[in-house]
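In: Requesting a structural model of the entry that follows:
(one chain, ligands or ions: 1)
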Amino acid sequence: TTSGRTQTFRCGCGGLLAAVHPATTRPGAVTAATFHTRLSTLTGPGRSGVWRYAELVYPQALSVAVSAPEGNTNLYESVPVRQWTGAAGLMLKHEGENPTGSFKDRGMTVGITHAVAVGARVVACASTGNTSASMAAYAARAGLRAVVFIPYGSVALGKLSQSIAYGARTVQVKGDFDAAMRIVTQVTSSEGIYILNSVNPFRLEGQKTIILETLHQLGWDAPDWIVVPGGNLGNTSAFGKALREALEIGLIRKMPRIAVIQAEGSNPFYRAYRTGFARFERVTASTLATAIRIGDPVNYAKARRSVEWTDGIVDQVTDAEILDAKAVVDGAGIGCEPASAASVAGVRKLVAAGIIHADDRVVAILTGHILKDPDNTVSYHLGSGSAQPGPRANTPVIVEPDISQILKVI
Ligand code: F0G
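Out: Just a heads-up that it's a prediction; the model follows:
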(Lines give C-alpha, C1' and ligand atoms only; values in the text may rest on other atoms or scores of the structure.)
Protein backbone atom coordinates (compact mmCIF):
# COMPACT_ATOMS: atom_id res chain seq x y z
CA THR A 1 0.00 0.00 0.00
CA THR A 2 1.24 3.51 -0.78
CA SER A 3 -0.03 6.60 0.97
CA GLY A 4 1.66 9.97 0.76
CA ARG A 5 5.29 9.60 1.79
CA THR A 6 4.95 6.21 3.38
CA GLN A 7 4.71 2.88 1.66
CA THR A 8 4.47 -0.52 3.23
CA PHE A 9 4.06 -4.10 2.16
CA ARG A 10 2.76 -5.17 5.56
CA CYS A 11 -0.76 -6.05 6.56
CA GLY A 12 -2.31 -4.51 9.68
CA CYS A 13 -1.58 -7.81 11.47
CA GLY A 14 2.15 -7.32 10.84
CA GLY A 15 2.41 -10.09 8.24
CA LEU A 16 3.73 -9.53 4.72
CA LEU A 17 1.34 -8.95 1.83
CA ALA A 18 1.29 -11.20 -1.24
CA ALA A 19 0.14 -10.48 -4.80
CA VAL A 20 -2.88 -12.22 -6.34
CA HIS A 21 -3.70 -12.11 -10.06
CA PRO A 22 -6.91 -12.93 -11.94
CA ALA A 23 -5.16 -15.78 -13.77
CA THR A 24 -4.11 -17.48 -10.54
CA THR A 25 -7.62 -17.66 -9.20
CA ARG A 26 -9.32 -18.92 -12.37
CA PRO A 27 -8.12 -22.27 -13.74
CA GLY A 28 -7.86 -22.09 -17.54
CA ALA A 29 -7.55 -18.29 -17.69
CA VAL A 30 -4.00 -18.71 -18.89
CA THR A 31 -2.49 -21.81 -20.46
CA ALA A 32 1.01 -23.07 -21.22
CA ALA A 33 0.41 -22.20 -24.88
CA THR A 34 0.41 -18.46 -24.10
CA PHE A 35 3.85 -18.74 -22.54
CA HIS A 36 5.17 -20.98 -25.28
CA THR A 37 4.13 -18.57 -28.03
CA ARG A 38 6.24 -15.82 -26.48
CA LEU A 39 9.36 -17.96 -26.87
CA SER A 40 9.39 -17.09 -30.56
CA THR A 41 9.57 -13.30 -30.09
CA LEU A 42 12.79 -11.50 -31.00
CA THR A 43 11.86 -8.15 -29.47
CA GLY A 44 9.89 -6.92 -26.47
CA PRO A 45 9.41 -8.20 -22.96
CA GLY A 46 8.25 -11.65 -24.12
CA ARG A 47 11.96 -12.48 -24.57
CA SER A 48 12.36 -12.24 -20.81
CA GLY A 49 12.12 -15.43 -18.79
CA VAL A 50 10.16 -13.35 -16.28
CA TRP A 51 7.71 -11.36 -18.43
CA ARG A 52 6.98 -14.42 -20.57
CA TYR A 53 4.87 -15.50 -17.57
CA ALA A 54 3.35 -12.04 -17.01
CA GLU A 55 -0.18 -13.32 -16.30
CA LEU A 56 1.21 -15.05 -13.19
CA VAL A 57 3.60 -12.25 -12.23
CA TYR A 58 2.36 -8.70 -12.94
CA PRO A 59 -0.03 -8.73 -15.91
CA GLN A 60 -0.70 -4.98 -15.93
CA ALA A 61 2.95 -4.17 -16.60
CA LEU A 62 3.81 -6.41 -19.56
CA SER A 63 4.12 -3.49 -21.97
CA VAL A 64 6.02 -1.16 -19.64
CA ALA A 65 8.44 -3.58 -18.01
CA VAL A 66 11.98 -2.42 -17.15
CA SER A 67 13.59 -5.57 -18.49
CA ALA A 68 17.11 -6.62 -19.51
CA PRO A 69 15.78 -9.26 -20.46
CA GLU A 70 16.37 -11.67 -17.61
CA GLY A 71 15.92 -15.39 -17.11
CA ASN A 72 16.32 -17.87 -19.97
CA THR A 73 18.86 -19.66 -17.80
CA ASN A 74 20.20 -23.12 -18.57
CA LEU A 75 19.23 -26.40 -16.98
CA TYR A 76 22.43 -28.46 -16.92
CA GLU A 77 22.79 -32.21 -16.73
CA SER A 78 26.34 -32.79 -15.53
CA VAL A 79 27.79 -36.29 -15.25
CA PRO A 80 30.44 -35.41 -12.61
CA VAL A 81 27.93 -33.54 -10.45
CA ARG A 82 25.46 -36.41 -10.75
CA GLN A 83 28.17 -38.86 -9.74
CA TRP A 84 29.35 -36.79 -6.79
CA THR A 85 25.85 -36.28 -5.39
CA GLY A 86 24.58 -39.76 -6.22
CA ALA A 87 21.49 -38.21 -7.82
CA ALA A 88 21.35 -39.69 -11.32
CA GLY A 89 18.45 -37.44 -12.32
CA LEU A 90 19.98 -34.18 -11.08
CA MET A 91 19.64 -30.99 -13.10
CA LEU A 92 21.23 -27.66 -12.24
CA LYS A 93 19.20 -24.52 -12.96
CA HIS A 94 21.85 -21.82 -13.30
CA GLU A 95 20.43 -18.52 -12.12
CA GLY A 96 23.93 -17.05 -12.18
CA GLU A 97 23.32 -16.62 -15.90
CA ASN A 98 21.04 -13.63 -15.31
CA PRO A 99 22.18 -10.14 -16.44
CA THR A 100 23.88 -9.14 -13.18
CA GLY A 101 24.90 -12.69 -12.29
CA SER A 102 22.22 -13.82 -9.85
CA PHE A 103 18.54 -14.77 -9.60
CA LYS A 104 17.86 -11.38 -8.05
CA ASP A 105 17.31 -9.89 -11.52
CA ARG A 106 14.08 -11.87 -11.84
CA GLY A 107 12.58 -10.14 -8.84
CA MET A 108 14.21 -6.81 -9.52
CA THR A 109 12.75 -6.33 -13.00
CA VAL A 110 9.29 -6.68 -11.45
CA GLY A 111 10.04 -4.60 -8.32
CA ILE A 112 11.62 -1.75 -10.28
CA THR A 113 8.77 -1.80 -12.77
CA HIS A 114 6.34 -1.41 -9.88
CA ALA A 115 8.46 1.33 -8.29
CA VAL A 116 8.27 3.30 -11.55
CA ALA A 117 4.51 2.65 -11.78
CA VAL A 118 3.87 4.15 -8.33
CA GLY A 119 6.08 7.16 -9.03
CA ALA A 120 8.99 6.30 -6.73
CA ARG A 121 12.16 8.36 -7.20
CA VAL A 122 14.48 6.59 -4.74
CA VAL A 123 14.78 2.86 -4.10
CA ALA A 124 16.66 1.10 -1.31
CA CYS A 125 17.62 -2.34 -0.05
CA ALA A 126 19.75 -4.10 2.52
CA SER A 127 21.83 -6.80 0.98
CA THR A 128 24.52 -9.43 1.29
CA GLY A 129 25.55 -8.24 -2.16
CA ASN A 130 23.46 -9.69 -4.96
CA THR A 131 20.23 -7.80 -4.32
CA SER A 132 22.22 -4.57 -4.18
CA ALA A 133 24.07 -5.35 -7.43
CA SER A 134 20.81 -6.12 -9.18
CA MET A 135 18.91 -3.15 -7.75
CA ALA A 136 21.74 -0.78 -8.64
CA ALA A 137 21.68 -1.92 -12.27
CA TYR A 138 17.90 -1.86 -12.74
CA ALA A 139 17.54 1.47 -10.91
CA ALA A 140 20.18 3.01 -13.18
CA ARG A 141 18.33 1.78 -16.24
CA ALA A 142 15.03 3.15 -14.94
CA GLY A 143 16.56 6.51 -13.96
CA LEU A 144 15.90 6.02 -10.23
CA ARG A 145 18.29 6.83 -7.40
CA ALA A 146 19.52 3.76 -5.55
CA VAL A 147 20.67 3.44 -1.94
CA VAL A 148 22.11 0.16 -0.72
CA PHE A 149 22.94 -0.90 2.84
CA ILE A 150 25.52 -3.67 3.02
CA PRO A 151 27.34 -5.27 5.94
CA TYR A 152 30.81 -3.71 6.02
CA GLY A 153 33.55 -6.21 5.22
CA SER A 154 31.37 -9.22 4.41
CA VAL A 155 30.18 -8.65 0.86
CA ALA A 156 32.01 -10.55 -1.89
CA LEU A 157 34.18 -8.42 -4.15
CA GLY A 158 32.27 -8.94 -7.40
CA LYS A 159 29.04 -7.78 -5.78
CA LEU A 160 30.54 -4.74 -4.05
CA SER A 161 32.14 -3.64 -7.30
CA GLN A 162 28.85 -3.97 -9.17
CA SER A 163 26.91 -1.82 -6.72
CA ILE A 164 29.53 0.94 -6.87
CA ALA A 165 29.97 0.76 -10.64
CA TYR A 166 26.24 0.86 -11.39
CA GLY A 167 26.14 4.09 -9.41
CA ALA A 168 24.23 3.22 -6.23
CA ARG A 169 24.85 5.19 -3.05
CA THR A 170 26.65 2.40 -1.23
CA VAL A 171 26.38 2.55 2.55
CA GLN A 172 28.58 0.05 4.38
CA VAL A 173 27.00 -0.61 7.77
CA LYS A 174 29.31 -1.61 10.60
CA GLY A 175 27.13 -4.55 11.54
CA ASP A 176 25.74 -7.70 9.97
CA PHE A 177 23.07 -8.12 7.29
CA ASP A 178 20.32 -8.32 9.90
CA ALA A 179 21.36 -4.90 11.24
CA ALA A 180 21.34 -3.48 7.70
CA MET A 181 17.88 -4.97 7.19
CA ARG A 182 16.56 -3.23 10.31
CA ILE A 183 18.01 0.05 9.07
CA VAL A 184 16.47 -0.16 5.61
CA THR A 185 13.10 -1.00 7.16
CA GLN A 186 13.27 2.15 9.28
CA VAL A 187 14.49 4.39 6.47
CA THR A 188 11.91 3.23 3.96
CA SER A 189 8.96 3.31 6.34
CA SER A 190 9.42 7.01 7.09
CA GLU A 191 11.29 8.66 4.22
CA GLY A 192 9.13 7.84 1.21
CA ILE A 193 11.80 5.55 -0.20
CA TYR A 194 10.68 2.45 -2.06
CA ILE A 195 11.96 -0.81 -0.51
CA LEU A 196 13.29 -3.56 -2.75
CA ASN A 197 14.08 -6.29 -0.28
CA SER A 198 12.07 -9.49 -0.56
CA VAL A 199 9.44 -8.08 1.83
CA ASN A 200 8.32 -6.55 -1.49
CA PRO A 201 5.71 -8.92 -2.98
CA PHE A 202 6.52 -7.84 -6.55
CA ARG A 203 10.03 -9.17 -6.13
CA LEU A 204 8.70 -12.53 -5.07
CA GLU A 205 6.33 -12.62 -8.03
CA GLY A 206 9.37 -12.25 -10.29
CA GLN A 207 11.28 -14.95 -8.46
CA LYS A 208 8.39 -17.36 -9.01
CA THR A 209 9.57 -17.54 -12.61
CA ILE A 210 12.64 -19.56 -11.59
CA ILE A 211 10.10 -22.32 -11.05
CA LEU A 212 7.80 -21.48 -13.96
CA GLU A 213 10.68 -21.39 -16.44
CA THR A 214 12.10 -24.65 -15.07
CA LEU A 215 8.72 -26.37 -15.38
CA HIS A 216 8.38 -24.98 -18.92
CA GLN A 217 11.84 -26.36 -19.80
CA LEU A 218 10.72 -29.74 -18.45
CA GLY A 219 7.60 -29.69 -20.63
CA TRP A 220 5.47 -29.04 -17.50
CA ASP A 221 6.41 -32.49 -16.19
CA ALA A 222 7.19 -31.56 -12.58
CA PRO A 223 10.36 -32.98 -10.99
CA ASP A 224 10.31 -34.87 -7.68
CA TRP A 225 12.48 -32.36 -5.84
CA ILE A 226 13.49 -28.72 -6.02
CA VAL A 227 16.53 -27.92 -3.88
CA VAL A 228 17.36 -24.33 -2.98
CA PRO A 229 19.73 -22.52 -0.62
CA GLY A 230 17.92 -20.58 2.12
CA GLY A 231 19.00 -17.19 3.46
CA ASN A 232 16.37 -14.47 3.76
CA LEU A 233 13.96 -17.13 2.41
CA GLY A 234 12.55 -15.07 -0.46
CA ASN A 235 13.09 -17.86 -2.96
CA THR A 236 11.63 -20.47 -0.65
CA SER A 237 8.51 -18.30 -0.28
CA ALA A 238 8.25 -17.60 -4.02
CA PHE A 239 8.78 -21.23 -4.97
CA GLY A 240 5.95 -22.53 -2.81
CA LYS A 241 3.59 -19.90 -4.18
CA ALA A 242 4.60 -20.65 -7.77
CA LEU A 243 4.14 -24.39 -7.35
CA ARG A 244 0.81 -24.08 -5.62
CA GLU A 245 -0.52 -21.75 -8.30
CA ALA A 246 0.86 -23.93 -11.12
CA LEU A 247 -0.89 -26.94 -9.62
CA GLU A 248 -4.16 -25.10 -9.00
CA ILE A 249 -4.45 -23.73 -12.52
CA GLY A 250 -3.44 -27.04 -14.08
CA LEU A 251 0.03 -26.27 -15.48
CA ILE A 252 1.41 -29.28 -13.58
CA ARG A 253 -0.20 -32.44 -12.24
CA LYS A 254 1.88 -33.21 -9.19
CA MET A 255 3.53 -31.19 -6.46
CA PRO A 256 7.33 -31.43 -6.24
CA ARG A 257 8.90 -31.38 -2.78
CA ILE A 258 11.05 -28.40 -1.83
CA ALA A 259 14.29 -28.98 0.08
CA VAL A 260 15.73 -25.81 1.62
CA ILE A 261 19.42 -25.98 2.48
CA GLN A 262 20.99 -23.61 4.99
CA ALA A 263 24.60 -23.10 6.03
CA GLU A 264 25.16 -24.65 9.45
CA GLY A 265 26.29 -21.34 10.95
CA SER A 266 23.27 -19.44 9.58
CA ASN A 267 20.48 -21.92 10.18
CA PRO A 268 17.48 -20.34 11.98
CA PHE A 269 15.03 -21.89 9.50
CA TYR A 270 16.54 -25.34 9.96
CA ARG A 271 16.32 -24.99 13.74
CA ALA A 272 12.69 -23.94 13.55
CA TYR A 273 11.93 -26.85 11.21
CA ARG A 274 13.46 -29.22 13.75
CA THR A 275 10.90 -28.01 16.32
CA GLY A 276 8.08 -28.70 13.84
CA PHE A 277 7.94 -24.92 13.37
CA ALA A 278 6.77 -24.58 16.97
CA ARG A 279 9.55 -22.13 17.77
CA PHE A 280 11.56 -19.62 15.77
CA GLU A 281 14.69 -18.02 17.17
CA ARG A 282 17.04 -15.79 15.25
CA VAL A 283 20.75 -16.59 15.34
CA THR A 284 23.96 -14.60 14.96
CA ALA A 285 24.95 -15.78 11.53
CA SER A 286 28.33 -16.96 10.36
CA THR A 287 29.36 -18.80 7.18
CA LEU A 288 31.86 -18.19 4.43
CA ALA A 289 28.92 -18.28 2.01
CA THR A 290 28.35 -14.57 2.67
CA ALA A 291 25.24 -14.42 0.47
CA ILE A 292 23.34 -16.51 3.03
CA ARG A 293 24.93 -15.12 6.20
CA ILE A 294 21.52 -14.18 7.59
CA GLY A 295 20.24 -14.87 11.09
CA ASP A 296 16.75 -13.34 11.07
CA PRO A 297 15.05 -14.07 7.71
CA VAL A 298 12.20 -11.67 6.93
CA ASN A 299 10.23 -14.23 4.93
CA TYR A 300 10.07 -16.85 7.68
CA ALA A 301 6.27 -17.16 7.77
CA LYS A 302 5.81 -17.44 4.00
CA ALA A 303 8.71 -19.85 3.73
CA ARG A 304 7.26 -22.07 6.41
CA ARG A 305 4.04 -22.18 4.39
CA SER A 306 6.01 -23.22 1.29
CA VAL A 307 7.55 -26.12 3.16
CA GLU A 308 4.13 -27.17 4.44
CA TRP A 309 2.41 -26.85 1.03
CA THR A 310 5.04 -28.95 -0.71
CA ASP A 311 5.67 -31.56 1.98
CA GLY A 312 9.11 -30.02 1.98
CA ILE A 313 12.11 -30.39 4.22
CA VAL A 314 14.90 -28.20 5.59
CA ASP A 315 18.49 -29.33 6.08
CA GLN A 316 21.87 -27.78 6.75
CA VAL A 317 25.39 -28.26 5.41
CA THR A 318 28.80 -27.25 6.74
CA ASP A 319 31.06 -24.69 5.09
CA ALA A 320 33.45 -27.52 4.19
CA GLU A 321 30.61 -29.34 2.40
CA ILE A 322 29.70 -26.12 0.58
CA LEU A 323 33.28 -25.62 -0.60
CA ASP A 324 33.56 -29.22 -1.71
CA ALA A 325 30.32 -28.97 -3.69
CA LYS A 326 31.45 -25.70 -5.25
CA ALA A 327 34.74 -27.28 -6.34
CA VAL A 328 32.80 -30.10 -8.02
CA VAL A 329 30.37 -27.73 -9.77
CA ASP A 330 33.23 -25.44 -10.82
CA GLY A 331 35.36 -28.34 -11.99
CA ALA A 332 32.46 -29.60 -14.13
CA GLY A 333 32.77 -26.38 -16.14
CA ILE A 334 29.56 -24.91 -14.77
CA GLY A 335 30.71 -22.86 -11.79
CA CYS A 336 28.81 -20.99 -9.08
CA GLU A 337 29.31 -18.85 -6.00
CA PRO A 338 29.57 -20.52 -2.55
CA ALA A 339 25.94 -20.02 -1.42
CA SER A 340 24.71 -21.67 -4.61
CA ALA A 341 26.76 -24.75 -3.89
CA ALA A 342 24.79 -25.28 -0.68
CA SER A 343 21.98 -26.74 -2.77
CA VAL A 344 24.31 -29.28 -4.41
CA ALA A 345 25.90 -30.16 -1.07
CA GLY A 346 22.37 -30.62 0.23
CA VAL A 347 21.47 -33.01 -2.59
CA ARG A 348 24.47 -35.18 -1.75
CA LYS A 349 23.56 -35.22 1.92
CA LEU A 350 19.90 -36.04 1.26
CA VAL A 351 20.78 -38.85 -1.16
CA ALA A 352 23.16 -40.31 1.44
CA ALA A 353 20.36 -40.12 4.02
CA GLY A 354 17.97 -41.96 1.67
CA ILE A 355 15.56 -39.01 1.56
CA ILE A 356 16.23 -38.19 -2.08
CA HIS A 357 16.30 -41.43 -4.08
CA ALA A 358 19.08 -42.03 -6.58
CA ASP A 359 16.66 -42.06 -9.51
CA ASP A 360 14.51 -39.09 -8.43
CA ARG A 361 14.29 -36.15 -10.82
CA VAL A 362 15.91 -33.33 -8.89
CA VAL A 363 16.39 -29.67 -9.81
CA ALA A 364 19.00 -27.85 -7.74
CA ILE A 365 19.12 -24.09 -8.03
CA LEU A 366 22.49 -22.42 -8.55
CA THR A 367 21.72 -18.91 -7.38
CA GLY A 368 24.82 -16.92 -8.35
CA HIS A 369 27.72 -16.75 -10.82
CA ILE A 370 31.23 -18.07 -10.16
CA LEU A 371 32.74 -14.59 -10.63
CA LYS A 372 30.75 -13.07 -7.78
CA ASP A 373 33.20 -14.22 -5.13
CA PRO A 374 36.68 -14.57 -6.67
CA ASP A 375 38.43 -14.22 -3.29
CA ASN A 376 36.76 -17.35 -2.02
CA THR A 377 37.70 -19.37 -5.10
CA VAL A 378 41.31 -18.20 -5.06
CA SER A 379 41.67 -18.90 -1.31
CA TYR A 380 40.32 -22.40 -1.82
CA HIS A 381 42.79 -23.23 -4.57
CA LEU A 382 45.83 -21.33 -3.29
CA GLY A 383 45.25 -21.23 0.45
CA SER A 384 45.26 -17.94 2.29
CA GLY A 385 47.12 -16.87 5.42
CA SER A 386 47.41 -19.97 7.58
CA ALA A 387 44.62 -21.81 5.73
CA GLN A 388 45.74 -24.67 3.49
CA PRO A 389 44.27 -25.09 0.01
CA GLY A 390 41.07 -27.18 -0.12
CA PRO A 391 41.06 -30.95 -0.85
CA ARG A 392 40.23 -30.43 -4.54
CA ALA A 393 42.65 -27.54 -5.01
CA ASN A 394 44.02 -26.95 -8.49
CA THR A 395 47.16 -25.10 -7.55
CA PRO A 396 48.74 -22.98 -10.28
CA VAL A 397 52.48 -23.29 -10.91
CA ILE A 398 54.94 -20.47 -11.46
CA VAL A 399 57.68 -21.04 -14.03
CA GLU A 400 60.52 -19.29 -15.80
CA PRO A 401 59.75 -18.69 -19.49
CA ASP A 402 61.80 -21.77 -20.34
CA ILE A 403 60.31 -24.44 -22.56
CA SER A 404 62.00 -27.45 -20.96
CA GLN A 405 60.77 -26.42 -17.51
CA ILE A 406 57.30 -25.75 -18.90
CA LEU A 407 57.07 -29.12 -20.61
CA LYS A 408 57.73 -30.76 -17.23
CA VAL A 409 54.82 -29.06 -15.48
CA ILE A 410 52.14 -29.50 -18.15
N1 F0G B 1 22.09 -17.49 -2.99
C2 F0G B 1 22.57 -16.28 -3.32
C3 F0G B 1 23.68 -16.20 -4.30
C4 F0G B 1 22.03 -15.12 -2.71
O5 F0G B 1 22.52 -13.94 -3.03
C6 F0G B 1 20.99 -15.26 -1.77
C7 F0G B 1 20.42 -14.10 -1.09
C8 F0G B 1 20.53 -16.54 -1.47
C9 F0G B 1 21.10 -17.63 -2.11
C10 F0G B 1 19.44 -16.78 -0.51
O11 F0G B 1 18.22 -16.50 -1.06
O12 F0G B 1 17.34 -14.89 0.58
O13 F0G B 1 15.87 -15.92 -1.12
O14 F0G B 1 16.75 -17.27 0.76
N15 F0G B 1 20.92 -12.95 -1.14
C16 F0G B 1 20.30 -11.74 -0.60
C17 F0G B 1 21.06 -10.51 -1.05
C18 F0G B 1 20.00 -11.79 0.83
O19 F0G B 1 21.01 -9.49 -0.37
O20 F0G B 1 21.67 -10.55 -2.11
P21 F0G B 1 16.95 -16.12 -0.15
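In: Surely Trp309 is in contact with Leu243?
Out: Yes - Trp309 lies in contact with Leu243 (CB atoms under 8 Å); the separation is 7.2 Å. All C-beta atoms are positioned from the backbone trio N, CA, C, and that covers glycine.
In: Neighbour count for those two, which is higher?
Out: When neighbours are counted by other CB atoms under 10 Å, Trp309 and Leu243 differ, and Leu243 comes out ahead with 27 against 16.
In: which stretch of helix or strand covers the more buried one?
Out: Leu243 belongs to helix 234-248 when assigned by DSSP states H and E.
In: which parts of that helix are buried?
Out: Residues 234-247 are the ones in helix 234-248 that count as buried (16 or more other CB atoms under 10 Å).
In: tell me, which of the residues you listed make contact with the ligand?
Out: Counting by CB under 6 Å from any ligand atom, 234-236 from those sit close to the ligand.
In: Could I get the residues you listed in TSV, plus columns for pLDDT?
Out: What follows is those, written out as TSV (pLDDT from 0 to 100):
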residue	pLDDT
Gly234	98
Asn235	98
Thr236	98
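In: Which of those residues sits closest to Gly354?
Out: Set against Gly354, the nearest of those by CB to CB is Thr236 (23.1 Å).
In: residues in contact with that closest one?
Out: Thr236 makes contacts with 228, 230, 258, 260, 269, 299, 302-303, 306-307, as judged by CB atoms under 8 Å, 6 or more residues apart in numbering.
In: Report the set of residues contacting both of Trp309 and Leu243.
Out: Contacts common to Trp309 and Leu243, judged by CB under 8 Å, 6+ apart, are Met255.
In: mind listing the strands in the stretch 201-350 of the chain by residue range?
Out: 225-229, 257-263, 313-317 (DSSP state E, counting those that start in this stretch).
In: can you check the stretch 51-200 of the chain too?
Out: Ranges of strands in the stretch 51-200 of the chain, per DSSP E, counting those that start in this stretch, are 75-76, 89-94, 122-126, 145-151, 169-173, 194-195.
In: Point out the most buried one among those strands.
Out: strand 122-126 (a mean of 26; mean count of other CB atoms under 10 Å).
In: which other residues reach it?
Out: In contact with strand 122-126 (CB under 8 Å, 6+ apart) are residues 111-112, 115, 131-132, 135, 139, 144-150, 177, 180-181, 183-184, 187-188, 192-197.
In: Please name the residues that touch His93.
Out: Just so we're on the same page, residue 93 is Lys rather than His. By CB under 8 Å, 6+ apart, the residues touching Lys93 are 73-75, 210, 214, 363-366.
In: for those residues, which one is nearest Thr24?
Out: For the contacts of Lys93, the nearest to Thr24 is Ile210 (16.7 Å; CB to CB).
In: Spell out which residues of the stretch 51-200 of the chain are next to the ligand.
Out: 102, 104, 127-131.
In: try it again with 8 Å
Out: Taking CB under 8 Å from any ligand atom as the contact definition, the stretch 51-200 of the chain meets the ligand at 96, 102-104, 125-134, 159, 177, 197-198.
In: Those residues in helices, which ones?
Out: Applying DSSP state H to those, the entries found in helices are 104, 130-134, 159, 177.
In: check contacts around the residue nearest to Arg10 when sequence neighbours are not counted.
Out: Nearest non-adjacent residue to Arg10, counting by CB to CB, 6 or more residues apart in numbering: Leu16, 6.1 Å away. By CB under 8 Å, 6+ apart, the residues touching Leu16 are 9-10, 199, 201, 298-299, 301-302.
In: and what of Gly368?
Out: Counting by CB under 8 Å, 6+ apart, Gly368 has contacts 95-96, 101-103, 130, 291, 336-337, 339-340.
In: Return the per-residue confidence for the nearest residue to Gly153 once chain neighbours are set aside.
Out: Leaving aside its sequence neighbours, Gly153 sits nearest to Gln172 (CB to CB, 6+ apart; 7.7 Å). What the model reports as pLDDT for Gln172 is 98.
In: Scan this protein for its longest helix.
Out: Max-length helix for the chain by DSSP H is helix 201-217.
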